[in-house]
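A.B. asks: all I have is the shape, not the residue letters:
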Ligand SMILES: Cc1cn([C@H]2C[C@H](O)[C@@H](COP(=O)(O)OP(=O)(O)O[C@H]3O[C@H](C)C(=O)[C@H](O)[C@H]3O)O2)c(=O)[nH]c1=O
């Protein structure tokens, strides 16, 4: 099997992963996580929680979510069904790319994944109906440490490909960024 190939993005640490996969007449076999291959992303990568999210409608936006320290988590994300516009926003205090966002299109047919370090907010828009997303988290979910940004915050100006639909009440009412937002401590 071809080894994973790591592709840096303009936001330091945010990495697109071309994971190893083998196809034959039966179908396809691909890796999601190999410690030896992905330890370059973060030493001692460990995923105490794995989540699956299923989204019915094309255009639906989920996010932008993050967890505050000490529950801040990095995420390894793969689209298992359908196609998504996957967005990460740099919230790291004093980062040269603070509040900049970067998007990657992920789909079930490719072997692309994205690694989002702690200190980023994450969200995605379904570009097809019937989307499934797999998340490997480096920290457990903690409702007490959940944070969120507005997907339509003018300070971020995220260019969602489709008109956002089916945004949750939590996401639709997330606070807009203001000058006091200093970002997340590393
Ligand atoms: C993340 C999480 C959530 N929940 C509960 C909280 C809610 O009652 C319900 C759905 O959670 P939420 O509305 O936050 O789901 P999404 O809007 O898909 O959010 C997720 O998708 C965005 C794009 C992300 O980046 C996060 O991984 C995650 O927050 O599951 C749990 O019980 N455990 C968990 O680990």
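C.D. replies: Now that the structure is in, tell me what you want to look at. No experiment lies behind these values; they were computed from the predicted model shown.
A.B. asks: which bits of the protein sit near the ligand?
C.D. replies: 51, 53, 62-63, 65, 122-124, 135, 141, 168 (C-beta under 6 Å from any ligand atom). From N, CA and C alone the C-beta is placed, and that goes for glycine too.
A.B. asks: where's the spatially most central residue of the chain, which helix or strand?
C.D. replies: With distances taken as C-alpha atoms, centre = their mean, the residue of the chain nearest its centroid is residue 122 (4.6 Å). Following DSSP states H and E, one finds residue 122 within strand 120-126.
A.B. asks: run a quick neighbour tally on residue 89.
C.D. replies: 28 (other C-beta atoms under 10 Å).
A.B. asks: my guess is it contacts residue 100. True?
C.D. replies: Yes. At 7.4 Å, residue 89 counts as touching residue 100 under the criterion of C-beta atoms under 8 Å.
A.B. asks: find the nearest non-adjacent residue to the residue in the chain that the ligand sits nearest to, please.
C.D. replies: Of all residues in the chain, residue 141 sits closest to the ligand, at 3.0 Å by C-beta to the nearest ligand atom. Nearest residue to residue 141 in three dimensions, chain neighbours excluded: residue 49, at 6.2 Å (C-beta to C-beta, 6 or more residues apart in numbering).
A.B. asks: what do you get for residue 108?
C.D. replies: Excluding the flanking residues, the one nearest residue 108 by C-beta to C-beta, 6+ apart is residue 81, at 4.9 Å.
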